[in-house]
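[1] just coords:
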């Protein structure tokens with residue numbers, strides 16, 4: 001649960017669903033009793049000493065009607081079928097998770113030449129070759145995403161994308177992927193090269209409850 005500074009003040013903390021209740025109890029121990037308010041997307045904890053924790057539910061909306069904290073914890077811990085598509089310039093991965101269990105996947109890499117400082121016609125030929133290699137990678141990534149995720153589409157709650165934003169945007173225009181992008185959910189996963197080990201660890205990111213904490217003045 002590493003904290004990172006938040007734009008505009010405070011800090012962001014990502015808490016695994018299994019540890020969320022413990023984190024909330026710890027927030028009360030540190031800052032005193034709190035009032036819970038919010039909606040189906042965010043639960044806001046306002047503590048007696050002025051501390052505030054805004055808990056962003058994964059895969060909103062949460063069911064309405066249940067107590068705020070209990071509803072958030074129950075919603076966060078629910079198992080879901082989630083698709084994951086990771087794309088970077090030199091590789092890609094697609095997977096389907098049932099909770100934290102990877103039930104279908106395909107991972108591959110493609111060679112794309114690095115940049116060069118050469119100039120003239122040689123540079124132009126190199127740029128065209130590199131562009132073609134990148135296009136082939138993105139085409140293969142789109143094909144793989146369709147092949148892995150499509151059989152599970154009707155049962156999936158959402159699709160999470162990650163890798164490099166520019167690379168993901170390169171496959172966004174593929175009309176075949178419209179049903180997948182229609183189910184796109186946060187967070188975007190800024191992961192390194194999409195190896196199988198990287199894919200297997202993504203539930204730690206997309207299942208986490210993101211909490212914006214503001215300490216008392």
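    Structure received. All values derive from a computational prediction rather than experimental measurement.
[2] wait, what's in contact with the nearest residue to residue 18 once chain neighbours are set aside?
    Nearest in space to residue 18, with sequence neighbours left out and distances taken as C-beta to C-beta, 6 or more residues apart in numbering, is residue 77 at 6.8 Å. Placement of C-beta: from N, CA and C, glycine included. By C-beta atoms under 8 Å, 6 or more residues apart in numbering, the residues touching residue 77 are 17, 18, 20.
[3] quick one: contacts for the last one?
    Residues touching residue 20, when contacts are defined by C-beta under 8 Å, 6+ apart, comprise 55, 72, 73, 76, 77, 209.
[4] Switch those over to JSON lines; also include secondary structure.
    Formatted as JSON lines, those follow (DSSP: H, G, I helix; E, B strand; the rest coil):
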{"residue": "55", "secondary structure": "strand"}
{"residue": "72", "secondary structure": "helix"}
{"residue": "73", "secondary structure": "helix"}
{"residue": "76", "secondary structure": "helix"}
{"residue": "77", "secondary structure": "helix"}
{"residue": "209", "secondary structure": "strand"}
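[5] Weed out the non-buried ones from these.
    55, 72, 73, 76, 209 (16 or more other C-beta atoms under 10 Å).
[6] follow-up on the earlier one: let's see which of the contacts of residue 77 end up in helices.
    residue 20 (DSSP state H).
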